[in-house]
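Chemist: here is a sequence with its predicted model. Questions after.
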Amino acid sequence: MTSHFMLPAFLKKYKSDLEKYKLDAIRIKATPLKNGQSGPIKKSKLLGRPYLPITLDYPLDKYGKPLVMLAQINFGEMPPLKNYPKKGILQVFTPPMFWDEGNEYYLYLYHKITEQAYHKSFPILSPEYYEMLPIDCEHKLAFSKEVEYGGPADFRFDFSFGAKSFYDFRDELSEKQQIEFDNLFQSSGHKIGGYAYFTQSDPRAHQPAKKDDVLLLQIDSDKEIMFGDAGISNIFINIEDLKKRRFEKAYFNWDCA
């Protein structure tokens, strides 16, 4: 993608202006585990068994029903990213009836210390809890750091190429240049930080209170993941809440075409 990416020649005249939009991001490679396999409890993953210290009970919703861990990020496994933790485990729990519930039913747990004794099995969970989730099976995660110059779906990227808008400028490029252009401004996929992608519109765009909210985690559709009709999900958090590790303030968004 854009890791160590050099600006193509046709964009060199815009280099100094585009530099102002550069953001570091963590690209995530999600690999499905086959045949119902399950990875180590402390590892980063989608679905699977959570790291849960024995001092904590398994998380339930307000009706007393168990939540399901949608994602677990072990920050110690990924390259450092400014303002994000360098260690600790973040978890996103959702209701089993994923499509029917709102943000008030989501739970975000952060374990700063990961050396405590932990639960190794979760008899409270049964297979039917996973039938209505957008992720079909457990995935292991790998991370790489890259530089992004922008993402046209993200409201923070309002760059114009001279008198031309982003898409007008792109339309006048050759096919080869368009490929280079799209690679440079790619913001879809699984990732942490950087520019967010949407199939519809950025929910932060017209809400002044959310103008400083950043991307905590993005999970995209692929072969084993499907948000509606090839949609995408984003978890946002205010930058000050992120710095102070107030992950309970995060909120979930997803859309599809």
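Modeler: Now that the structure is in, tell me what you want to look at. Bear in mind that the values here come from a model prediction, so they are computed numbers and not experimental data.

Chemist: how near is the spatially most distant residue from the centre of the chain to residue 169?
Modeler: For the chain, the C-alpha farthest from the mean C-alpha position belongs to residue 163; by CA atoms, centre = their mean, that distance is 33.0 Å. Going from residue 163 to residue 169 by CB to CB, to the nearest Å gives 10 Å. All C-beta atoms are positioned from the backbone trio N, CA, C, and that covers glycine.

Chemist: before we move on, what about residue 34?
Modeler: 44 Å.

Chemist: so where do the helices sit in the stretch 151-257 of the chain?
Modeler: Taking DSSP state H, counting those that start in this stretch as the criterion, the stretch 151-257 of the chain carries its helices at 166-171, 175-184, 239-243.

Chemist: give me the helices and strands touching the longest one, please.
Modeler: Counting contacts by 3 or more CB pairs under 8 Å, 6 or more residues apart in numbering; DSSP states H and E, helix 175-184 is packed against helix 166-171.

Chemist: just the shortest one next, same as before
Modeler: Counting contacts by 3+ CB pairs under 8 Å, 6+ apart, helix 239-243 is packed against strand 213-220.

Chemist: any idea how far the strand it packs on is from the chain center?
Modeler: 3 Å (CA atoms, centre = their mean, to the nearest Å).

Chemist: which residues does the residue lying closest to residue 79 once chain neighbours are set aside contact?
Modeler: Of all residues not flanking residue 79 in the chain, residue 145 sits nearest, at 4.0 Å (CB to CB, 6 or more residues apart in numbering). The neighbours of residue 145, taking CB atoms under 8 Å, 6 or more residues apart in numbering as the test, are 3, 24-27, 78-79, 81.

Chemist: and the gap between residue 145 and residue 213?
Modeler: Computed as CB to CB, the residue 145 to residue 213 distance reads 21 Å.

Chemist: likewise residue 161?
Modeler: Residue 161 is 27 Å from residue 213, by CB to CB.

Chemist: what of residue 98?
Modeler: Distance from residue 98 to residue 213, counting by CB to CB: 22 Å.

Chemist: more neighbours, residue 161 and residue 213?
Modeler: residue 213 (21 against 17; other CB atoms under 10 Å).

Chemist: ok, now which ones touch the closest residue to that one other than its chain neighbours?
Modeler: The shortest distance from residue 213 to any non-neighbouring residue, by CB to CB, 6+ apart, is to residue 236 (4.3 Å). Residues in contact with residue 236 (CB under 8 Å, 6+ apart) are 196, 204, 210, 213-216, 250-251, 253.

Chemist: tell me the bridge partners for residue 236.
Modeler: residue 215, residue 251 (DSSP bridges).

Chemist: need the pLDDT of it.
Modeler: pLDDT for residue 236: 97.

Chemist: same deal with residue 3?
Modeler: Model confidence at residue 3, given as pLDDT, is 43.

Chemist: before we move on, back to that, A helix includes the residue nearest to residue 79, no?
Modeler: No - according to DSSP: H, G, I helix; E, B strand; the rest coil, residue 145 belongs to no helix; its state is strand.

Chemist: quick one: pLDDT of it?
Modeler: Model confidence at residue 145 (pLDDT) stands at 97.
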